[in-house]
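Asker: Please work out how this folds:
(2 chains)
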Amino acid sequence: MKSGSAWEAWAADDHAGRLDGLFRDHYHDLVRLAAMILRDGTEAEDVVQEVLWTLSSRGQEPRDPLAWLRRAVANAALNRLRSLMRRRRYERRAPGAGESEPSPEEIVTLRESARQVREALGRLPRRQVTVLLLRHSGLSYAEVARAVDVPVNQVGTMLRRAELRFREVVDHDPS
Amino acid sequence: MTHPDEGTLRMALDDAEVKGRLRDHLEVCPDCRAELEKMHRDARFAKDALGADGIRLPHGEARIRLRAKTERPVGAIRARVATAAVAIALIACILAFTPVGSMATGLLNIFEPQAVQPIKLNATDLADMVSVLSHLGTVQGDVNPQMEPMSSRDVAESAAGFALSPVSALPVGGLGTPSYAVAGSNSVSFTFSEAKAEAWEASKGETLPQMPQGMDGAILNVKTHPVLMEVWQRGASGEPTLLVAASPDPTVTSTGPSASEIEGYVAGLPGVPPSVAAEILALGATTLPIPVGAASGTSVQVNGHDGTFVTSQSLRALIWQSGGMIHLVGGRLGEAELLEVAQSQK
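Answerer: Predicted coordinates for the structure are as follows:
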């Protein structure tokens, strides 16, 4: 554990309280980030809760806690998204496996445009999605670079390729 | 000025004012202006599509406060059970949907242990058990673990949500640079149905053990957590020279029946070979059964923790449990070298 770090300060007696402070400051931005991927506020909040829980129970210091949180939320939301997509494919393939009526939330989240966006995001390489989402959630190029751990001068290229690919995938949505 | 690269152009899109040589170049280069215009359209498209304005986001801070570590935010509170029988039954279900044979899946298919123990359960036994289970209830869940490559240890650890203990003793000879991958979590549920079981019993003429009270409609769930792998590999394909992996203990939960009830019921099912049933009952509640099939498994100690060394044509690995995590060290090295690598993880 590095000395003098924010993490070490948190690891003191008031560990949970201090984490609460960090989470409170960034909670809504993180939920919004997850919602950009999942297109659903409740799902997004679940994902952020899981990530916050993970960070609070993690024994090792991330180098940059906020960058770690942003990346982890994007990753966790993508994991959830891909899991939802797999389940959808599985249920289409295996009638009887998913007979229950969709909940109102599911109906909302599966609306056509939301579905298209989500599925396109699910087909993009993980890092492209992260760059795309972080930049379009309002982070600066420098903040995006920190979150995905690349030099800032690569972010423009990554963002451009992500935007191009995203449009191609949405335009060629097979369903 | 030569044509600017796409990254420079893209960043220029977000600048309020383009200055200097780039501006001069754009004034005289219709190709770059056209490219910039296309970038602008694509960026606008992404901005419109990805905006969160239309999504109802939760308000307030009611859920921000951290819960105690033991109260992980999951849906319903369920009784936690941890039995070898449950694990075996659900291993069978998971394997039915999972490509078998790689070390990755080997690690994905293990549960809830304080110790690990190889169990002779081959592919035919598993198929039989899955076949029986399909008549006793419904399996639901996504069990399609996909390894996703990660660019660095740090990125992999943040994707997985935990840190991988570094290896401090690599074999002599130089293994090169490791690569990283993460497989996401998975959840499989099995819902017992007395009606299905009775219908099957009637049609087959088989006599099933009496389903314990409360088991009808009860849901067993196995949740596997992300798996983080560090891989040293010479060449693009083939088995890795060395693979180090870890995953938090899988979680096995039940909505109803107790551990011993499930254990007794599953061990008594007709599809469970008698030798396996005996092994299940002998294992106890907190031992992780690893189905090794025709492979051999021997007991080993890794830094004081009980583990197992599994060898087969497709798998040579040490698997052990400590600190709430399942650990695996495998590859083409010999047992002594693998053990040395495993012991060096702190």
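Asker: the longest helix in the chain is where?
Answerer: Let's take chain A. Ranked by residue count under DSSP state H, the longest helix found in chain A is helix A:65-93.
Asker: Hmm, no, I was thinking of chain B.
Answerer: Chain B, longest helix under DSSP H: helix B:30-50.
Asker: Identify each buried residue in that helix, please.
Answerer: Buried residues in helix B:30-50, counting neighbours by 16 or more other CB atoms under 10 Å in any protein chain shown, are found at B:32, B:35-36, B:39, B:42-43, B:45-46, B:49-50. Quick note: C-beta positions are derived from backbone N, CA and C, even for glycine.
Asker: for the record, mean pLDDT for stretch B:25-37?
Answerer: Mean pLDDT, computed over stretch B:25-37, is 90.
Asker: ok, it near chain A or not?
Answerer: No: shown here: stretch B:25-37 not in contact with chain A (CB under 8 Å from any CB of the partner chain), separated by at least 9.6 Å.
Asker: Setting aside sequence neighbours, what's the nearest residue to B:His40?
Answerer: In space, and not counting its chain neighbours, B:His40 is closest to B:Leu13: 5.9 Å by CB to CB, 6 or more residues apart in numbering or on different chains.
Asker: from what I can see the one you found touches B:Glu37, true?
Answerer: No: contact criterion CB atoms under 8 Å: B:Leu13 and B:Glu37 do not qualify, at 9.8 Å.
Asker: which residues touch stretch A:133-144?
Answerer: Applying CB atoms under 8 Å, 6 or more residues apart in numbering or on different chains, the contact partners of stretch A:133-144 are A:29, A:32-33, A:36-37, A:67, A:70, A:74, A:121, A:131, A:147-148, A:152, A:155-156, A:159, B:11, B:14, B:46-47, B:50-52.
Asker: In three-state terms, how would B:Leu9 be classified?
Answerer: helix (DSSP: H, G, I helix; E, B strand; the rest coil).
Asker: Contact partners for it?
Answerer: A:156, A:160, B:32, B:35-36, B:39.
Asker: Could you work out the most separated pair of these?
Answerer: Using CB to CB, the two most remote members of the contacts of B:Leu9 are A:Gly156 and B:Cys32, lying 14.1 Å apart.
Asker: so where does B:Ile326 fall, helix or strand?
Answerer: strand B:325-331 (DSSP states H and E).
Asker: What is that strand packed up against?
Answerer: helix B:103-108, strand B:242-248, strand B:316-322, helix B:335-343 (3 or more CB pairs under 8 Å, 6 or more residues apart in numbering or on different chains; DSSP states H and E).
Asker: Going along the chain, name the helices of chain A.
Answerer: A:6-10, A:15-38, A:41-57, A:65-93, A:104-109, A:112-123, A:126-136, A:141-148, A:155-171.
Asker: Ok, which of those helices comes nearest B:Pro178?
Answerer: Set against B:Pro178 and scored by CB to CB, those come closest in helix A:126-136, at 18.5 Å.
Asker: Now B:Asn303. Its backbone dihedrals?
Answerer: phi 50, psi 40 (degrees, to the nearest 10).
Asker: Please read the previous query as pertaining to B:Pro149.
Answerer: phi -70, psi 140.
Asker: beta partners for it?
Answerer: B:Ala181 (DSSP bridges).
Asker: neighbours of it, just the number please.
Answerer: 15 (other CB atoms under 10 Å in any protein chain shown).
Asker: So which other helices or strands are in contact with the longest helix of chain A?
Answerer: helix A:15-38, helix A:41-57, helix A:112-123, helix A:126-136, helix A:141-148, strand B:137-142, helix B:153-160.
Asker: picking up where we left off before, out of the helices of chain A, which one sits most buried?
Answerer: helix A:126-136 (a mean of 25; mean count of other CB atoms under 10 Å in any protein chain shown).
Asker: quick one: B:Ala183 and B:Val227 touch, right?
Answerer: Yes: using CB under 8 Å, B:Ala183 is in contact with B:Val227, at 4.4 Å.
Asker: you'd agree B:Gln301 is up against B:Leu318?
Answerer: No: applying CB under 8 Å as the test, B:Gln301 and B:Leu318 come out as separate, 10.2 Å apart.
Asker: Just want to know which of these two has more residues nearby.
Answerer: Neighbours per residue, other CB under 10 Å: of B:Gln301 and B:Leu318, the larger number sits with B:Leu318, 21 against 11.
Asker: Spatially nearest residue to B:Gln140 (excluding sequence neighbours)?
Answerer: B:Ser189 (5.0 Å).
Asker: Counting neighbours, what do you get for the one you found?
Answerer: Neighbour tally, B:Ser189, other CB under 10 Å: 18.
Asker: Now A:Leu121. Nearest residue, chain neighbours left out?
Answerer: A:Val129 (5.2 Å).
Asker: can you pull the contacts of that neighbour?
Answerer: So, once contact is read as CB under 8 Å, 6+ apart, A:Val129 ends up touching A:37, A:74, A:78, A:121, A:162.
Asker: same thing with A:Leu84?
Answerer: A:Arg118.
Asker: any idea of the pLDDT on A:Leu33?
Answerer: So, for A:Leu33, pLDDT stands at 90.
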